[in-house]
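Trainee: Provide a 3D model corresponding to the input given below.
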Amino acid sequence: MQRRLVTVLCLLLTFTALAFSTQRGYTQDTAAGGECPTLVKQALEAVGNNCGGLGRNSACYGFNRVNATFASDVNDGFFSKPADQTSLKLLQSIDTAALNETIEEWGVAVMSVQANIPNSLPGQAISFILLGDVQVDNAVPPDEAVEPAAEPIAITTINVTNIRTLPTTNSNIIGSVAGGTVLSTDATNPNKDWLRVVFNDSTPGWISRPLVRTEGDLDSLPVFSNESRTPMQAFYFKTGIGAPACTQSPDILVVQGPDRVAVDITANGANVRIGSTVAFRTIEGNKMQMFTISGEATVNGSTVPVGYVTTVQLSEDGTTVVGEPEEPRPMTQEELDIVIWLEDVPTNILNYPIDIPDEEANEPVPTRVPTTSSGTVVQQPALVTVNCAPFKATSPLDGLNFGMNTFYWDAAPGATSYRVNVDGAGSKEVNAPTTNATFDISGAGTNPQMTWSVDALFNGVVVCSSGSVTIPRQWAAPPPPTVPPPPPAAPGSFSAYWSCTYFDFTVNYGSLPEGTTSVAINFGSSGDTYFSSPIMIQVPPNEGSTTVTVYSEGSSYDLFNGSVVANPSGIVVGLPDLTCTYVMPP
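Mentor: Okay, the predicted model is just below:
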């Protein structure tokens with residue numbers, strides 16, 4: 001795409017020459033205030049050299065002029081020239097200067113913010129780029145900032161396990177993993193019964209601690225609560241208001257998350273989730289705007305598709321949101337002109353190159369919107385070309401098997417992939433043009449009725465959703481293989497065994513050594529139990545049993561480290577590891 005470049009002879013009142021350039025990022029816009037100065041191009045080239053490869057939780061002085069304040073005393077000259085760096089935990093505020101050609105200033109700064117990205121995704125971070133008149137204040141006090149474990153701990157799931165958005169069974173399920181899956185965890189919740197992991201190498205989530213095994217010290221992990229924030233994950237910002245010197249030197253804050261990783265930040269009190277590149281600015285009327293340049297983002301739960309902008313009313317001090325975000329609208333040509341030159345930002349300070357959509361792509365096509373139970377899809381403008389009209393879930397519509405099921409749907413032409421969602425069992429994604437998916441839903445417990453749906457995606461972004469299908473499900477899993485008790489022990493010899501009974505397991509023992517006054521039943525379980533190990537039972541009688549109820553998210557649980565100890569002799573009978581499957585009584 002050609003862009004015009006006007007050569008202006010300084011100190012003259014009229015233009016004497018006009019030339020055209022094919023460079024997309026440096027176009028003259030005389031109505032907006034004149035040519036884009038060479039200084040902007042020099043600044044962008046310099047910031048790539050000064051700040052390329054910036055480490056996590058750090059800030060870099062990119063180009064003159066950058067001012068900063070710190071949470072503690074620093075030496076004179078600290079963070080005062082291009083290429084200087086500082087820790088975000090130390091940084092209190094940072095601001096960059098508006099364009100001033102006379103003194104050759106156009107402030108640029110770069111920050112690498114970890115936010116809620118686990119350390120199990122090494123090196124990935126959110127890139128913040130301050131361009132022109134931008135001020136950012138750290139809203140995370142240094143004594144409250146948290147950081148995940150530098151060395152994540154390997155864990156292994158014991159059986160089919162759900163991964164959730166928050167450390168509670170009341171939160172949404174992101175997906176499920178099979179038993180024996182190896183994950184990495186870098187944080188735990190305040191009660192230390194949930195662990196933070198990454199699902200599908202892209203989405204942070206939480207897994208119940210009793211459902212995994214590890215040789216690491218999980219109690220040593222940093223504690224993260226719902227309110228925990230890493231340095232600069234929450235911030236306040238403001239930008240210059242008014243027409244820039246040229247469209248290529250606006251005052252704007254660019255925020256880019258890692259490719260296909262959902263990250264959470266808080267900007268001026270608004271909760272923002274991005275899997276993309278966005279740009280922020282403040283405008284007259286004490287308002288904040290967010291532009292989605294690639295991917296998708298949400299502001300306080302309101303989705304802003306690529307090529308769209310939303311406006312948020314702020315409080316008088318600019319630290320909280322007033323009301324709901326405005327309905328997202330397509331970016332105007334003037335707004336596209338403001339961000340088009342971002343394609344020239346050096347890639348070594350980004351996670352991936354910025355690609356601004358062409359104006360011609362901004363036309364009405366179907367996109368993700370609420371759907372009715374019949375699967376009707378409302379069409380709205382977007383920057384993708386997916387036809388949602390024929391898209392619908394087709395099978396099964398009458399019932400589900402307890403475990404393995406194959407789901408079918410009619411295609412949405414233009415979609416690049418599809419995702420089947422089963423409430424309580426997770427999701428599975430397949431690439432287009434495939435229109436069916438088979439997976440095991442036994443991890444959803446024994447719920448006799450379940451709901452499923454399918455999404456059509458374009459380059460990882462949901463653009464169509466089918467209606468939800470709620471149907472009966474086979475109410476019990478096939479009975480597990482019978483675990484026979486061991487052969488009878490020789491007369492007079494101490495013996496013990498255990499077996500599964502529905503949601504319980506039972507330990508039997510007999511022929512206790514002479515003089516036994518009590519027995520201790522030791523066990524480990526992948527599920528939760530009302531009674532903890534060991535269970536003490538008084539003797540006599542010399543033969544007996546005890547039953548323990550197990551609560552587990554999956555359809556099965558494991559028993560391990562089992563033994564029965566006769567006291568005071570200390571004679572031990574070991575119990576073999578056992579896998580028990582939930583079976584409803586007939």
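
Trainee: my read: residue 300 touches residue 271, true?
Mentor: Yes: look at residue 300 against residue 271 with CB atoms under 8 Å: they come within range, at 5.6 Å. Every residue, glycine included, has its C-beta placed from N, CA and C.

Trainee: now residue 155: how far from residue 211?
Mentor: When distance is defined by CB to CB, to the nearest Å, residue 155 is 9 Å away from residue 211.

Trainee: next one: residue 171
Mentor: Residue 171 is 15 Å from residue 211, by CB to CB.

Trainee: Please, where are all the helices along the stretch 201-350 of the chain?
Mentor: For the stretch 201-350 of the chain, the helices defined by DSSP state H, counting those that start in this stretch cover 333-340.

Trainee: show me where pLDDT drops low in the stretch 151-300 of the chain?
Mentor: 202, 241-248, 260 (pLDDT under 70).

Trainee: rerun at 80
Mentor: For the stretch 151-300 of the chain, the stretches with pLDDT under 80 are 160, 165, 169-175, 199-203, 226-228, 241-249, 259-262, 275, 296.

Trainee: Now do the strands in it.
Mentor: Secondary structure of the stretch 151-300 of the chain (DSSP state E, counting those that start in this stretch): strands located at 153-157, 161-164, 173-177, 182-185, 194-199, 203-208, 212-213, 234-239, 252-256, 263-267, 270-274, 277-283, 287-294, 296-299.

Trainee: try the stretch 351-500 of the chain
Mentor: Using DSSP E, counting those that start in this stretch, the strands found in the stretch 351-500 of the chain span residues 363-366, 379-382, 392-395, 404-410, 417-422, 426-431, 436-440, 449-458, 461-465, 469-472, 495-501.

Trainee: Residue 285 is nearest to which of those strands?
Mentor: strand 379-382 (25.0 Å; CB to CB).

Trainee: Next, the contact list for the closest residue to residue 422 other than its chain neighbours, please.
Mentor: Nearest non-adjacent residue to residue 422, counting by CB to CB, 6 or more residues apart in numbering: residue 452, 4.6 Å away. Contacts here follow CB atoms under 8 Å, 6 or more residues apart in numbering; on that basis residue 452 touches 393, 400, 407, 420-423, 468-469, 471.

Trainee: try 7 Å this time
Mentor: Going by CB atoms under 7 Å, 6 or more residues apart in numbering, residue 452 touches 407, 420-422, 469.

Trainee: How much space separates it from residue 131?
Mentor: Residue 452 sits at a distance of 45 Å from residue 131 (criterion: CB to CB).

Trainee: Paired strands for the helix or strand encompassing residue 127, with orientation please.
Mentor: Element membership for residue 127, per DSSP states H and E: strand 126-131. Sheet pairing here is set by DSSP bridges, and for strand 126-131 it gives strand 108-113 (antiparallel), strand 252-256 (antiparallel).

Trainee: Go through these and name the closest to residue 196.
Mentor: Comparison of the strands paired with strand 126-131 against residue 196 by CB to CB identifies strand 108-113 as nearest, at 17.4 Å.

Trainee: Using CSV, list the CA coordinates for that closest one.
Mentor: The C-alpha atoms that make up strand 108-113 are tabulated as CSV, following Å, rounded to 0.1, in the frame of the first residue of the first chain:
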residue,chain,number,x,y,z
VAL,A,108,9.8,6.2,24.1
ALA,A,109,9.9,3.6,26.9
VAL,A,110,9.5,-0.2,26.9
MET,A,111,8.3,-2.4,29.8
SER,A,112,8.2,-6.2,30.0
VAL,A,113,5.4,-7.1,32.4
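
Trainee: tell me the angle of it relative to strand 263-267?
Mentor: Inter-element angle recorded for strand 108-113 and strand 263-267: 130 degrees (by axes from the mean of the first three to the mean of the last three CA atoms, to 10 degrees).

Trainee: got the angle for strand 108-113 vs strand 234-239?
Mentor: Orientation of strand 108-113 against strand 234-239 (the same axes, to 10 degrees) gives an angle of 160 degrees.

Trainee: what about residue 332, neighbour count?
Mentor: Neighbour count for residue 332, taken as other CB atoms under 10 Å: 12.

Trainee: In terms of pLDDT, where does it sit?
Mentor: Per-residue pLDDT puts residue 332 at 89.

Trainee: which outside residues touch the longest strand along the chain?
Mentor: As assigned by DSSP state E, the longest strand anywhere in the chain is strand 556-567. Strand 556-567 has contacts (CB under 7 Å, 6+ apart) with 158-159, 494, 496, 498, 505, 507, 509, 512-513, 516-527, 550, 572-575, 577-582.

Trainee: Can you select the buried ones from those in PyMOL?
Mentor: Of the contacts of strand 556-567, the buried ones can be selected in PyMOL as follows, counting by 16 or more other CB atoms under 10 Å:
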select buried, resi 158+159+494+496+498+505+507+509+512+516+519+520+521+522+523+525+526+527+550+573+575+578+579+580+581+582
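
Trainee: quick one, domains of this structure?
Mentor: 39-139+234-349, 153-220, 363-472, 495-581 (automatic domain parsing).

Trainee: Low-confidence stretches in the stretch 451-586 of the chain?
Mentor: Applying pLDDT under 80 to the stretch 451-586 of the chain flags residues 458-463, 474-493, 500-504, 526-533, 540-543, 549-557, 580-586.

Trainee: Mind doing that once more with 70?
Mentor: Along the stretch 451-586 of the chain, the parts satisfying pLDDT under 70 run over 475-492, 501-503, 528-531, 551-555, 582-586.

Trainee: check contacts around residue 107.
Mentor: With CB under 7 Å, 6+ apart, residue 107 has these contacts: 63-66, 96-97, 132.

Trainee: from those residues, which two are the most distant?
Mentor: Set against one another by CB to CB, the contacts of residue 107 have their most distant pair in 64 and 132, with a gap of 12.3 Å.

Trainee: Which one's more surrounded, those two?
Mentor: More neighbours surround residue 132 than the other of residue 64 and residue 132, with 24 against 19 (other CB under 10 Å).

Trainee: Quickly note the distance from the nearest residue to the more buried one once chain neighbours are set aside to residue 110.
Mentor: Sequence neighbours aside, residue 251 is the residue nearest to residue 132 in space, at 3.8 Å (criterion: CB to CB, 6+ apart). Distance, residue 251 to residue 110, by CB to CB: 16 Å.
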